[in-house]
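K.L.:
sequence plus predicted model, see below.
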Amino acid sequence: MNELVIRPLTVSDAGKVYALLKASFSIPGEYEDTLNNLSNPLTRAIGMFDGDDLIGYGAFWLLMEEAHVTHVAILESLRGRGLGKNIMERLIQHASDCGARFMELECRRGNATALSMYHKLGFLRVGFKKNYYPDTNEDAVVLALIALPAPNFENDPFLTKE
Ligand SMILES: CC(C)(COP(=O)(O)OP(=O)(O)OC[C@H]1O[C@@H](n2cnc3c(N)ncnc32)[C@H](O)[C@@H]1OP(=O)(O)O)[C@@H](O)C(=O)NCCC(=O)NCCS
C-alpha cells in the first residue's frame, strides 16, 4: 500500500465514488445522485486514496450550523484497520473548519460496526426514525456529535484561495 492521501473530492471523482458506494451500501442511489451530490454547493466530500484508488469516502452537507453526514465508507478489503475512524476524524475537523457547530447522521439500527465507531468518536443517540430505510424498513438511529473540535478556518480545504 502507498502512503494514503486524503483530499477534497469534485465531480471528476464521481465514477470512483459511485463504485465505492455500490460496493458498500444496499441503497447506493443512481450515478446521477452521486454526480449531483458532488456538485451540490452544500456538499463537502473527502476521499482517501491509495495511489489512484479511492479506498475511503466521507461526505456531509453543510446546513447552516449543522454538518449532516451523508456517507462514510471504506473499501471492504481494508476495513477494521482504523481507516473509517480516521476519515471520520478528518470529516469532523473539516466540519468545524467550515463553520459547523455540530454534526448529525442516520445509521441503520443493525449496523453494529458503524454504531460502535460513532460512539467511540463521541456521537450520542438523539432519536430514531421508524422504518427509515425503504429496502428493509429498518429504523434509523439518529446520532449527534455536539462538541466539535476548535475550528481553524484557514484550514478549510474547501476555501477558494487567491
Ligand atoms: C462503518 C465503516 C466505515 C467502518 O470503517 P472501518 O475502517 O472498518 O472502521 P475502523 O477500523 O476505523 O474501526 C472503527 C471502530 O468501528 C468498530 N468496528 C470496526 N470493525 C468492527 C467489527 N468488525 N465489528 C464490530 N465493530 C467494529 C470498532 O468500534 C472500531 O473501533 P476500535 O478499532 O477502537 O475497535 C465500514 O465498516 C464501512 O465502510 N461499512 C459499510 C458502509 C457503512 O455502513 N457506512 C456507515 C453508514 S451509517
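P.N.:
Great, that's in hand. Since this is a predicted model, take the numbers as computed values, not measurements. Numbering: from 1, shown residues only.

K.L.:
ok, the residue in the chain positioned nearest to the ligand - contacts?
P.N.:
Closest to the ligand within the chain is Gly84: 2.1 Å, counting by Cβ to the nearest ligand atom. All C-beta spots, glycine's among them, are computed from the backbone N, C-alpha and C. Shown in contact with Gly84 (Cβ atoms under 8 Å, 6 or more residues apart in numbering): 56, 72, 74, 114, 117.

K.L.:
and if you look at Leu21?
P.N.:
By Cβ under 8 Å, 6+ apart, the residues touching Leu21 are 28-29, 34, 57, 71, 73.

K.L.:
keep only those of these that are in helices.
P.N.:
Per DSSP state H, helices hold the following members of the contacts of Leu21: Thr34.

K.L.:
now the contacts of Leu21: which count as buried?
P.N.:
By neighbour count, with 16 or more other Cβ atoms under 10 Å, these hold 28, 34, 57, 71, 73 as buried.

K.L.:
need those residues in JSON lines with pLDDT, can you?
P.N.:
Below are the buried ones among the contacts of Leu21 laid out as JSON lines (pLDDT from 0 to 100):
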{"residue": "Pro28", "pLDDT": "96"}
{"residue": "Thr34", "pLDDT": "98"}
{"residue": "Tyr57", "pLDDT": "98"}
{"residue": "His71", "pLDDT": "98"}
{"residue": "Ala73", "pLDDT": "98"}
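
K.L.:
buried ones in the top helix by length along the chain?
P.N.:
Assignment by DSSP H gives helix 83-97 as the longest helix of the chain. Judged by neighbour count using 16+ other Cβ under 10 Å, the buried positions of helix 83-97 are 83-84, 86-88, 90-97.

K.L.:
now that helix: average pLDDT?
P.N.:
What helix 83-97 shows for mean pLDDT is 97.

K.L.:
the protein: helices as residue ranges?
P.N.:
So, for the chain - with DSSP H - the helices run 14-24, 31-39, 83-97, 112-120.

K.L.:
leaving out chain neighbours, which residue sits closest to Lys97?
P.N.:
Residue 97: Asp, not Lys. Using Cβ to Cβ, 6 or more residues apart in numbering and skipping residues adjacent in sequence, the residue nearest Asp97 is Asp156, 4.4 Å away.

K.L.:
mind checking how far that neighbour is from Arg101?
P.N.:
As judged by Cβ to Cβ, to the nearest Å, Asp156 and Arg101 stand 15 Å apart.
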